[in-house]
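**Q** I'll drop the sequence and a predicted model, then ask my questions.
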Amino acid sequence: MLENKTAYLLTKLRKDNNYTQTDLSEKLGVSYQAVSKWERGENLPDSLLLLEIAKLYDITVDEILKGKLIVREYKKVLSKRNKLIMISAIVLLILSPISVFIFGYENYNTYTIIILSIAALSVAMLLFVSFDMGGYNFNSEASKEEKRQEDMVYSACAGIFLILGLVFNLWYIAWVVFIFGYVVTLYLKK
């Protein structure tokens, strides 16, 4: 029974990704007959091929063997939720400095706590989403190119922060540059 679920899942994944059995066999370095046997439930791929198949379809080996896509459905729900949270956080980040102009600079001291709370909330939301989306993986080593790109983005952010602070005396709001730098690094990783 387990092989039938696995066979069905392998067939579904191949078709969902618009591969023919020949296309898949060429990608994995096996014969198309082997792929056909997997999909009929007559045989299972060996462990190394299971790893390659999992990587190809962006799923786990466990999902292949169990014949269910638990993570994929969960990722879809998380992705929609995370996009909504990220959009909300960016809107809040944009609104917090704009509120200074709306309320007027003379009332700035009155609304400082509200403005800073909105900004802090949006930063927390962005961090939550980025960790939840896997934007930062504690277990993986970034490549030298990724590290170089991150260094360039954060160096540019530091330069902009210093210019805004030293030249225009905008220390109180210039820190927002680092948040946008963080968002840029998330997009560079994808």
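**A** Cool, got the structure.
**Q** name the element residue 118 belongs to?
**A** helix 108-132 (DSSP states H and E).
**Q** same question for that helix, mean pLDDT?
**A** If you average the pLDDT over helix 108-132, you get 72.
**Q** Go through it and flag the buried ones.
**A** For helix 108-132, the neighbour count (16 or more other CB atoms under 10 Å) marks 111, 115, 118, 119, 122, 123, 125, 126, 129, 130 as buried. All C-beta atoms are positioned from the backbone trio N, CA, C, and that covers glycine.
**Q** Show me how the chain divides into domains.
**A** 2-68, 75-134, 141-190 (automatic domain parsing).
**Q** ok, the buried residues of helix 108-132 vs residue 8, which is closest?
**A** Distance to residue 8 across those (CB to CB) is lowest for residue 129, with 34.0 Å.
**Q** ok, the closest one - contacts?
**A** The contact partners of residue 129, taken as CB atoms under 8 Å, 6 or more residues apart in numbering, are 82, 85, 86, 89, 135.
**Q** Residue 124 now?
**A** Residue 124 neighbours (CB under 8 Å, 6+ apart): none.
**Q** go again using 10 Å as the cut-off
**A** With contacts defined as CB atoms under 10 Å, 6 or more residues apart in numbering, residue 124 is in contact with residue 89.
**Q** For residue 45, which non-adjacent residue is spatially closest?
**A** residue 38 (5.8 Å; CB to CB, 6 or more residues apart in numbering).
**Q** show me what contacts the nearest residue to residue 154 once chain neighbours are set aside?
**A** In space, and not counting its chain neighbours, residue 154 is closest to residue 181: 5.7 Å by CB to CB, 6+ apart. With contacts defined as CB under 10 Å, 6+ apart, the neighbours of residue 181 are 150, 152, 153, 154, 155, 156, 157, 158, 160, 161.
**Q** Could you pull up the mean pLDDT of the helix or strand harbouring residue 181?
**A** Taking DSSP H and E as the criterion, residue 181 maps to helix 176-189. Per-residue pLDDT over helix 176-189 has a mean of 83.
**Q** In that helix, which residues are buried?
**A** 176, 177, 178, 179, 181, 182, 183, 184, 185, 186.
**Q** contacting residues around residue 30?
**A** 24, 37, 38, 45, 46, 49, 52.
**Q** any idea whether it is helix, strand or coil?
**A** Three-state call for residue 30 (DSSP: H, G, I helix; E, B strand; the rest coil): coil.
**Q** what does stretch 42-51 contact?
**A** For stretch 42-51, using CB under 10 Å, 6+ apart, the contacting residues are 2-3, 6-7, 10, 28-30, 33-38, 52-53, 60-62, 64-65.
**Q** Turn the buried ones among the residues you listed into a named PyMOL selection, would you?
**A** Buried residues among those (16+ other CB under 10 Å), as a PyMOL selection:
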select buried, resi 6+7+10+28+30+34+35+37+38+53+60+64+65
